[in-house]
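*Asks:* Predicted model follows, preceded by the sequence.
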Amino acid sequence: MKYIYVAGPYSRGDPVVNTRNAILVGDELVKLGYAPYIPHVSLLWHIVSPHEIDYWYNLDLAWLVRCDGLLRLPGDSSGADNEVKVAQANQIPVFYSLEELGGPK
(Lines give C-alpha, C1' and ligand atoms only; values in the text may rest on other atoms or scores of the structure.)
Protein backbone atom coordinates (compact mmCIF):
# COMPACT_ATOMS: atom_id res chain seq x y z
CA MET A 1 0.00 0.00 0.00
CA LYS A 2 1.36 3.43 -0.91
CA TYR A 3 1.20 6.34 1.49
CA ILE A 4 -0.20 9.60 0.14
CA TYR A 5 0.09 12.91 1.98
CA VAL A 6 -2.99 15.12 1.50
CA ALA A 7 -1.97 18.80 1.24
CA GLY A 8 -4.55 21.54 0.96
CA PRO A 9 -6.11 24.58 2.54
CA TYR A 10 -6.63 24.48 6.27
CA SER A 11 -6.76 27.90 7.91
CA ARG A 12 -7.83 29.96 4.90
CA GLY A 13 -11.57 29.74 5.00
CA ASP A 14 -13.21 27.50 7.56
CA PRO A 15 -10.78 24.95 9.08
CA VAL A 16 -13.66 22.56 9.85
CA VAL A 17 -14.95 22.64 6.26
CA ASN A 18 -11.40 22.30 4.92
CA THR A 19 -10.80 19.32 7.23
CA ARG A 20 -14.04 17.71 6.07
CA ASN A 21 -13.02 18.17 2.43
CA ALA A 22 -9.61 16.60 3.07
CA ILE A 23 -11.18 13.64 4.90
CA LEU A 24 -13.59 13.01 2.02
CA VAL A 25 -10.63 12.94 -0.37
CA GLY A 26 -8.89 10.59 2.05
CA ASP A 27 -11.89 8.24 1.83
CA GLU A 28 -11.53 8.22 -1.95
CA LEU A 29 -7.81 7.48 -1.66
CA VAL A 30 -8.55 4.48 0.57
CA LYS A 31 -11.01 3.18 -2.05
CA LEU A 32 -8.17 3.42 -4.59
CA GLY A 33 -5.90 1.37 -2.37
CA TYR A 34 -3.82 4.14 -0.78
CA ALA A 35 -3.12 4.91 2.87
CA PRO A 36 -3.66 8.67 3.21
CA TYR A 37 -2.04 10.93 5.76
CA ILE A 38 -4.40 13.85 6.37
CA PRO A 39 -2.69 16.57 8.42
CA HIS A 40 -6.00 18.40 8.75
CA VAL A 41 -7.20 15.92 11.37
CA SER A 42 -4.82 17.55 13.83
CA LEU A 43 -7.72 19.98 14.22
CA LEU A 44 -9.15 17.74 16.93
CA TRP A 45 -5.75 17.26 18.57
CA HIS A 46 -5.32 21.04 18.61
CA ILE A 47 -8.71 21.46 20.29
CA VAL A 48 -7.66 19.05 23.05
CA SER A 49 -4.03 20.17 23.32
CA PRO A 50 -3.25 23.45 21.53
CA HIS A 51 0.23 24.12 20.15
CA GLU A 52 1.93 26.80 18.07
CA ILE A 53 1.68 26.46 14.30
CA ASP A 54 5.32 25.35 13.93
CA TYR A 55 4.60 22.36 16.16
CA TRP A 56 2.04 21.15 13.61
CA TYR A 57 4.19 22.02 10.58
CA ASN A 58 7.12 20.05 12.01
CA LEU A 59 4.97 16.97 12.66
CA ASP A 60 3.42 17.21 9.20
CA LEU A 61 6.78 17.48 7.44
CA ALA A 62 8.13 14.52 9.42
CA TRP A 63 5.28 12.44 7.96
CA LEU A 64 5.51 13.95 4.50
CA VAL A 65 9.08 12.79 3.89
CA ARG A 66 7.98 9.21 4.67
CA CYS A 67 5.17 9.25 2.09
CA ASP A 68 5.24 7.85 -1.43
CA GLY A 69 3.39 10.82 -2.91
CA LEU A 70 1.58 14.06 -2.17
CA LEU A 71 -1.89 14.99 -3.39
CA ARG A 72 -2.29 18.79 -3.59
CA LEU A 73 -5.91 19.80 -3.16
CA PRO A 74 -7.12 22.97 -4.87
CA GLY A 75 -7.20 26.25 -2.99
CA ASP A 76 -4.95 28.94 -1.65
CA SER A 77 -2.61 27.62 1.06
CA SER A 78 0.91 28.76 1.82
CA GLY A 79 1.35 25.67 4.05
CA ALA A 80 0.34 23.28 1.26
CA ASP A 81 2.53 25.20 -1.21
CA ASN A 82 5.47 24.68 1.14
CA GLU A 83 4.62 20.98 1.47
CA VAL A 84 4.76 20.69 -2.33
CA LYS A 85 8.23 22.27 -2.29
CA VAL A 86 9.40 19.87 0.43
CA ALA A 87 8.00 16.91 -1.51
CA GLN A 88 9.75 18.00 -4.69
CA ALA A 89 13.04 18.58 -2.83
CA ASN A 90 12.78 15.00 -1.53
CA GLN A 91 11.85 13.50 -4.94
CA ILE A 92 8.34 12.68 -3.73
CA PRO A 93 5.86 12.76 -6.63
CA VAL A 94 3.21 15.48 -6.48
CA PHE A 95 -0.28 14.86 -7.86
CA TYR A 96 -3.03 17.40 -8.43
CA SER A 97 -6.08 15.17 -8.85
CA LEU A 98 -7.46 11.80 -7.84
CA GLU A 99 -7.51 10.97 -11.54
CA GLU A 100 -3.70 11.11 -11.60
CA LEU A 101 -3.72 8.47 -8.85
CA GLY A 102 -6.06 6.17 -10.74
CA GLY A 103 -9.36 7.64 -9.62
CA PRO A 104 -12.47 8.46 -11.67
CA LYS A 105 -12.31 10.92 -14.51
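*Replies:* Nice, I can see it. Residues are numbered from 1 along each chain as shown.

*Asks:* top strand in the protein by residue count?
*Replies:* strand 2-7 (DSSP state E).

*Asks:* For that strand, what is the distance to the chain centroid?
*Replies:* Its chain's average C-alpha position is 6 Å from that of strand 2-7, according to CA atoms, centre = their mean, to the nearest Å.

*Asks:* For Asp76, grab the count of nearby residues.
*Replies:* Summarising burial for Asp76: neighbours were counted as other CB atoms under 10 Å, giving 10. To be clear about C-beta, it is placed using only N, CA and C from the backbone, and glycine gets the same treatment.

*Asks:* Strands along this protein, start to end?
*Replies:* Taking DSSP E as the criterion, the chain carries its strands at 2-7, 34-37, 69-72, 94-95.

*Asks:* want to throw the ones you listed into TSV with mean neighbour count, mean pLDDT and distance to Ala62?
*Replies:* What follows is the strands of the chain, written out as TSV (neighbours: other CB atoms under 10 Å; pLDDT from 0 to 100; distance: least, CB to CB, whole Å):
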stretch	mean neighbour count	mean pLDDT	distance to Ala62
strand 2-7	22	98	11
strand 34-37	19	98	10
strand 69-72	22	98	14
strand 94-95	16	98	18
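
*Asks:* got JSON lines for those strands, with distance to Ile53 too?
*Replies:* Below are the strands of the chain laid out as JSON lines (distance: least, CB to CB, whole Å):
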{"stretch": "strand 2-7", "distance to Ile53": "15"}
{"stretch": "strand 34-37", "distance to Ile53": "18"}
{"stretch": "strand 69-72", "distance to Ile53": "20"}
{"stretch": "strand 94-95", "distance to Ile53": "23"}
